[in-house]
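show me the folded form of this:
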Amino acid sequence: MKSKVTVVGAGNVGATAAQQLFSQGNADLVLVDVVEGLPQGKALDILESGPALDIDSSIVGTNTYEETQNSNIVVITSGIARKPGMSRDDLLTTNRNIVTSVVKSIVEFSPNSILIIVTNPLDAMAQQAFITSKFPKNRVIGMAGILDTSRFRSFIAAELKVSVDSVRGYVLGGHGDTMVPLIGTTTIGGIPITDLLSKERIEQIITRTQNGGLEIVELLKTGSAYYAPAASIVRMVNAIMLDKNEILPCTAYLEGEYNIEGLFVGVPVKLGKNGITEIIEMKLTQQEHSELKKSSEAVRTLIEQINS
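Next comes the predicted model:
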């Protein structure tokens, strides 16, 4: 029996993720949005691609939550998108209210589901979903680290003119300007990045990674990134749906790991059918520890804004 995956938000990120998941044929999908006709139209369009792809999965669009009942995984992408000059933090109030409302509906119809939070500011929205749902911490996960790490690896591969498969590394911390690419453990074909690139060039790649989303917002002018975020969602859904126990950087609730208490922050986790089955604690340099702490405090500030 196929897994049932609901994607809330039929904008660019949600619809692209739904299309990619449908094309793999491992799940039946529900696409939800408040805009009448939008999820129905996109779902129908995706469904009609089935014969061309030789896929027999189902997908339906809806404006309510009844059809999402008993979903195994729920991906929440709904919220307003960033515009030029807008930080992720500017989205806080509006998207907090949206996420709260969505999560309440999901709890009603799919109380055993695993939540993947994509709405920005992501770390704070994951915290809000956790508080609202009252789900155990392993079943509320934020999508950020895979995206940030993918950008980091892309920039390194382009700089060195190598396959992305040769680049190994992690980006931890909050999904924002304070994210922490781990230079100490980044390798290219097993070779430390510091052996191949100058400190100055590495710093430029770190800065570009930290501003990766903003760079796309400024280029598009009327929208934000969605192909790479959607691919990152699909990677997470597959790890859970196929019980892969894959180690991936995700936003997880920490209770003392990395000396961080009571916050959702991006760290490596083991992801399988029950959600997060283990938080992986890496050995960090003193500087990386300090930067991760700074990043977590930026997340804490956002949480305090929510609660003020």
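
got the residue ranges for the helices in this structure?
12-24, 38-47, 50-53, 92-109, 122-133, 145-160, 199-210, 212-220, 227-241, 286-307 (DSSP state H).

please enumerate residues in contact with the third one?
It refers to helix 50-53. With contact meaning CB atoms under 8 Å, 6 or more residues apart in numbering, helix 50-53 is reached by 22-23, 25, 56-57. All C-beta spots, glycine's among them, are computed from the backbone N, C-alpha and C.

tell me the mean pLDDT for stretch 202-209?
For stretch 202-209, the mean per-residue pLDDT is 97.

which parts of that stretch are buried?
By neighbour count on 16 or more other CB atoms under 10 Å, the buried set for stretch 202-209 is 202, 205-206, 208-209.

likewise stretch 257-267?
Applying 16+ other CB under 10 Å to stretch 257-267 flags 258, 260, 263-267 as buried.

return the member of the residues you listed nearest to Leu292.
Nearest to Leu292 among the buried residues of stretch 257-267 is Tyr258, at 6.0 Å by CB to CB.

in stretch 293-305, what's buried?
295-296, 298-300, 302-303.

may I have that stretch exported as CSV, CA atoms only?
This file holds the C-alpha atoms of stretch 293-305, laid out as CSV (Å, rounded to 0.1, in the frame of the first residue of the first chain):
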residue,chain,number,x,y,z
LYS,A,293,25.4,28.9,19.4
LYS,A,294,25.1,32.4,17.8
SER,A,295,22.8,30.9,15.1
SER,A,296,20.6,29.2,17.8
GLU,A,297,20.3,32.5,19.7
ALA,A,298,19.0,34.2,16.5
VAL,A,299,16.3,31.4,16.4
ARG,A,300,15.5,32.0,20.1
THR,A,301,15.0,35.7,19.5
LEU,A,302,12.4,34.8,16.8
ILE,A,303,10.7,32.5,19.2
GLU,A,304,10.5,35.2,21.8
GLN,A,305,9.0,37.5,19.2
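
now that stretch: mean pLDDT?
Mean per-residue pLDDT for stretch 293-305: 92.

roughly how far is that stretch from the heart of the chain?
18 Å (CA atoms, centre = their mean, to the nearest Å).

picking that back up, now the buried residues of stretch 202-209 in CSV, with distance to Ile46?
CSV is the format used below for these (distance: CB to CB, whole Å):
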residue, distance to Ile46
Ile202, 41
Ile205, 36
Ile206, 37
Arg208, 33
Thr209, 31
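
closest to Ile146 among those?
Nearest to Ile146 among those: Thr209, at 13.1 Å, using CB to CB.

separation between the residue lying closest to that closest one once chain neighbours are set aside and Ala252?
The spatial neighbour of Thr209 that comes closest, neighbours along the chain excluded (CB to CB, 6 or more residues apart in numbering), is Phe152 at 4.5 Å. Per CB to CB, to the nearest Å, Phe152 is found 19 Å from Ala252.

same deal with Ile76?
The gap separating Ile76 from Ala252 is 16 Å, by CB to CB.

pLDDT below threshold where in the stretch 151-300 of the chain?
Within the stretch 151-300 of the chain, the set of residues satisfying pLDDT under 70 is empty.

and if we set it to 90?
Along the stretch 151-300 of the chain, the parts satisfying pLDDT under 90 run over 176-177, 221-224.

and the nearest residue in space to Met179 that is not next to it in sequence, how many neighbours?
If the residues on either side of it in the chain are set aside, Met179 comes closest to Gly173, at 4.7 Å by CB to CB, 6+ apart. Gly173 has 32 neighbouring residues, counting by other CB atoms under 10 Å.

make CSV from the buried residues of stretch 257-267 and add distance to Thr64 to it.
Formatted as CSV, those follow (distance: CB to CB, whole Å):
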residue, distance to Thr64
Tyr258, 40
Ile260, 38
Leu263, 33
Phe264, 28
Val265, 34
Gly266, 33
Val267, 36
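
ok, Ile146 to Ile131 distance?
Taken as CB to CB, the span from Ile146 to Ile131 is 24 Å.

which stretches of the stretch 1-150 of the chain have low pLDDT?
Along the stretch 1-150 of the chain, the model assigns pLDDT under 90 to residues 1, 80-94, 120-121.
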